[in-house]
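Participant: Mind folding the following:
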Amino acid sequence: MYPVRNSVKALIIKDGSLLCVRKRDEYGAYYLLPGGGQEKGETFPETLRRECLEELGAAVRVGVLRYIREYIGRNHEFAATDDAHQVEFMFECELLGAPDSALASHVDEGQDGIAWVPLVGAGSERIYPRVLPGRLRDGCAELYWGDVN
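Facilitator: Sure thing, here's the model as predicted:
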């Protein structure tokens, strides 16, 4: 059986910028939404609170479900090396304290910090999923996005 992974992501926006986990590859910095995989027995809000503490060093209040996207690796730019199938549930969240990467208890492999990334301009082109900045700027009301990157 091919496993499909549930992943829960935090949408934290302030002054036109999105709070992201920063990672690096051979092309430089890129940015992902904080969050991660649901563990057995966890609800989505529990997963998101745990993941934000681990990656951001900050507690969050989980709000409404805003978007759902699927990611099927074989259909995108890293098809040669990515066989993942993930369903991401993106929730609006509110910080309950300042994020502090020094307090993060369990950062993802390759994570080298956190950053507020403007939804327009430098950095926004390397936010994943790539469609996210435009959909946030445009106020996309569509809940399910399908298999996009």
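Participant: so E46, which of the three states?
Facilitator: Assigned by DSSP: H, G, I helix; E, B strand; the rest coil, the conformation of E46 is helix.
Participant: What segments of this protein are strands?
Facilitator: 5-11, 13-14, 17-25, 28-32, 35-37, 60-72, 85-95, 111-118, 127-128, 144-147 (DSSP state E).
Participant: between those strands, which one is nearest to F44?
Facilitator: In terms of C-beta to C-beta, the element of the strands of the chain nearest to F44 is strand 5-11, at 4.9 Å. Every C-beta, even on glycine, is put in place using the N, C-alpha and C of the backbone.
Participant: quick one: contacts of that closest one?
Facilitator: The contact list for strand 5-11, computed with C-beta atoms under 8 Å, 6 or more residues apart in numbering, reads 18-19, 33-38, 44, 47-48, 51-52, 60, 62, 66-67, 84-93, 136.
Participant: Which among these count as buried?
Facilitator: 18-19, 33-36, 38, 44, 47-48, 51-52, 60, 62, 66-67, 85, 87-93, 136 (16 or more other C-beta atoms under 10 Å).
Participant: Could you report the distance from the residue nearest the centre of the chain to C52?
Facilitator: With distances taken as C-alpha atoms, centre = their mean, L33 lies nearest the centre of the chain, 2.1 Å away. Here L33 is placed at a distance of 10 Å from C52 (C-beta to C-beta, to the nearest Å).
Participant: same deal with A141?
Facilitator: Distance from A141 to C52, by C-beta to C-beta: 25 Å.
Participant: could the strands of the chain be laid out in a markdown table, adding distance to L103 and mean pLDDT?
Facilitator: Shown next, in a markdown table, are the strands of the chain (distance: least, C-beta to C-beta, whole Å; pLDDT from 0 to 100):
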| stretch | distance to L103 | mean pLDDT |
| --- | --- | --- |
| strand 5-11 | 16 | 96 |
| strand 13-14 | 19 | 96 |
| strand 17-25 | 14 | 93 |
| strand 28-32 | 19 | 92 |
| strand 35-37 | 17 | 95 |
| strand 60-72 | 13 | 96 |
| strand 85-95 | 13 | 96 |
| strand 111-118 | 11 | 91 |
| strand 127-128 | 23 | 92 |
| strand 144-147 | 32 | 93 |
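Participant: Any chance of JSON lines for those, columns distance to A104?
Facilitator: Converted to JSON lines, the strands of the chain look like this (distance: least, C-beta to C-beta, whole Å):
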{"stretch": "strand 5-11", "distance to A104": "14"}
{"stretch": "strand 13-14", "distance to A104": "19"}
{"stretch": "strand 17-25", "distance to A104": "9"}
{"stretch": "strand 28-32", "distance to A104": "14"}
{"stretch": "strand 35-37", "distance to A104": "12"}
{"stretch": "strand 60-72", "distance to A104": "13"}
{"stretch": "strand 85-95", "distance to A104": "14"}
{"stretch": "strand 111-118", "distance to A104": "8"}
{"stretch": "strand 127-128", "distance to A104": "19"}
{"stretch": "strand 144-147", "distance to A104": "28"}
